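Colleague: Any chance you could fold what I've pasted below:
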Amino acid sequence: MAPDWQGLCNLWVLFAVTAASVTDLRWGKIYNLVTVPALAAGLTLNTLAAGWAGLSLSLQGIGVGLALLLTTLLFGQYLGGGDVKLLAALGALRGPSFVLATLAVAIPLGGLMALGLALSRGALRDSVRRLGWSLYGRFVLGEAGQPDTASSLKFPYALALAGGALAAFWWQP
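Modeller: Numbering: from 1, shown residues only. Okay, here's the model as predicted:
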C-alpha cells in the first residue's frame with residue numbers, strides 16, 4: 001500500500017497554519033521553526049510522490065509565495081517576512097494554484113480583519129491616511145518609504161492565511 005502523499009501534505013498545511021496562527025497571535029511573529037520544516041516537508045513529500053514533477057510543483061509554489069514579497073515591497077512592507085515564508089511553505093506543500101487560491105480568500109479576509117481592528121480601536125481614519133501617504137510616496141514621489149510601525153495597527157495575518165488555506169482545501173481537495 002502506497003503512502004497517501006497528498007494527505008501528508010494536507011496534514012503539514014494544517015500544522016503550519018495552526019502553529020503560525022498561534023505564534024502570530026501570541027508573539028506577533030511566525031517563526032522559522034514553523035515555516036522551514038513545512039517547506040522542507042513539501043519539497044521532500046512532493047519529490048517522493050512524483051519525482052522531478054513533484055519537486056517542480058513545490059519549487060513553483062515556493063516561487064509564487066516568494067513573488068508576493070516583491071509585490072508587497074511596492075506598497076511598503078505591510079506583510080511580515082513570516083507571512084511570506086508561510087505562503088512559500090504552503091506553495092512547497094501544495095503548489096502554486098493552492099497559494100493563489102489561499103490568497104484569493106486571505107486578502108479580502110485580512111482586509112476585513114484590518115477594518116474591524118481599526119474600527120474597534122478608533123483608528124480607521126489614521127490607518128487610511130497612512131496607507132494613502134505610503135502609496136502616494138511610492139507611486140507619485142518614487143520614495144520607498146515604510147509604514148510608521150510605531151503607530152500602525154498590527155494584526156495576526158496568519159489567521160487570514162489559515163482561513164484562506166482552509167477555503168483552498170474546499171476548492172482543491
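
Colleague: I'd like the mean pLDDT over the top helix by length along the chain, please.
Modeller: Longest helix of the chain, by residue count under DSSP state H: helix 96-120. The average pLDDT within helix 96-120 is 88.

Colleague: quick one: buried residues of it?
Modeller: 96-103, 105-106, 109-110, 113-114, 118 (16 or more other Cβ atoms under 10 Å). Heads up, the C-betas are built off the backbone N, CA and C, glycines and all.

Colleague: nearest to Lys85, of these?
Modeller: Relative to Lys85, the closest of the buried residues of helix 96-120 is Val99; by Cβ to Cβ it sits at 12.3 Å.

Colleague: State the distance from the closest one to Ser120.
Modeller: 30 Å (Cβ to Cβ, to the nearest Å).

Colleague: again with Ala2
Modeller: 50 Å.

Colleague: Spell out the residue ranges of the helices in the chain.
Modeller: Under DSSP H, the chain gives helices at 5-27, 32-50, 52-74, 81-94, 96-120, 124-139, 157-171.

Colleague: Confidence-wise, which of these is weakest overall?
Modeller: helix 124-139 (a mean of 69).

Colleague: Do I have it right that Gly61 meets Gly95?
Modeller: Yes: assessed by Cβ atoms under 8 Å, Gly61 is found in contact with Gly95 at 4.5 Å.

Colleague: Between those two, point out the one with more neighbours.
Modeller: Per other Cβ atoms under 10 Å, whichever of Gly61 and Gly95 has more neighbours is Gly61, with 28 against 24.

Colleague: excluding its backbone neighbours, what's nearest Asp83?
Modeller: Leaving out its chain neighbours, the residue that sits closest to Asp83 by Cβ to Cβ, 6 or more residues apart in numbering is Tyr157, at 5.0 Å.

Colleague: May I have the residues that are in contact with that neighbour?
Modeller: Each residue near Tyr157 by Cβ atoms under 8 Å, 6 or more residues apart in numbering is listed here: Asp24, Leu79, Gly80, Asp83, Ala106, Gly110, Met113.

Colleague: ok, now Gly110?
Modeller: By Cβ under 8 Å, 6+ apart, the neighbours of Gly110 are Tyr157, Ala160, Leu161.

Colleague: which one among those residues gets closest to Ala16?
Modeller: Leu161 (9.3 Å).

Colleague: Contacts only, for that closest one.
Modeller: Applying Cβ under 8 Å, 6+ apart, the residues near Leu161 are Val17, Ala20, Asp83, Leu86, Leu87, Leu90, Thr102, Ala106, Gly110.
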